[in-house]
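Novice: any chance you could fold what I've pasted below:
(one chain, ligands or ions: 3)
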Amino acid sequence: MTLNSTIPKLGARNTKQRTAVVEVLRDMDKFASVKEIFGELQQRKEKVGLTTVYRTLQSLAEIDAVDALHMPGGETLYRHCDSEKHHHHLVCTQCGKTKEIDGGPIESWAKQIASQHGFELTGHDAEVFGVCPDCRG
Ligand SMILES: [Zn+2]
Ligand SMILES: [Zn+2]
Ligand SMILES: [Zn+2]
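Specialist: Ligands and ions are numbered 1, 2, ... in the order given. Below you'll find the predicted structure:
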């Protein structure tokens, strides 16, 4: 997958800033907070304000160009994933290393539980947290 394949659907406006944000995310290759991403952009001398970074990440997440991870503390982390297909994440709580994993039985369970309650399923969210082999020493 090339970067260009994700850019056209973003529209022409602010494309430069969005491209800079996506590039940083690709290089970081882990779930990062908005502040971490902003800090990296500053190091690269990109002229992007913190508010713009917030908005850019939100709109990228809306179109599934990046994945958002909602932490129990209320913070949202972002990552650019290799897989364009629907997937879930196994996240190391120590170093942030992330594996893209299959939802497995969650996929049919979500459909089933929604229809049982008369809901039309629009989405589901499930992430798995742990400590990776490297961090376990
Ligand atoms: Zn992902
Ligand atoms: Zn780790
Ligand atoms: Zn799923």
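
Novice: surely residue 82 touches residue 100?
Specialist: Yes - the pair residue 82 and residue 100 passes the contact test of CB atoms under 8 Å, sitting 6.7 Å apart. Every residue, glycine included, has its C-beta placed from N, CA and C.

Novice: these two: which has the busier surroundings?
Specialist: Ranked by neighbour count (other CB atoms under 10 Å), residue 82 and residue 100 place residue 100 first, with 14 against 11.

Novice: wasn't that one part of a strand?
Specialist: Yes - secondary structure of residue 100 (DSSP: H, G, I helix; E, B strand; the rest coil): part of a strand.

Novice: can you list the domains in this protein?
Specialist: Following automatic domain parsing, one gets these domains for the chain: 1-84, 85-137.

Novice: out of those domains, nearest to ligand 1?
Specialist: Nearest to ligand 1, of all the domains of the chain, is domain 1-84, at 3.1 Å by CB to the ion.

Novice: report the distance from that closest one to the chain centre.
Specialist: For domain 1-84, the separation from the chain centroid amounts to 8 Å (computed by CA atoms, centre = their mean, to the nearest Å).

Novice: repeat that for stretch 118-131.
Specialist: Remark: stretch 118-131 is offset 14 Å from the chain centroid, using CA atoms, centre = their mean.
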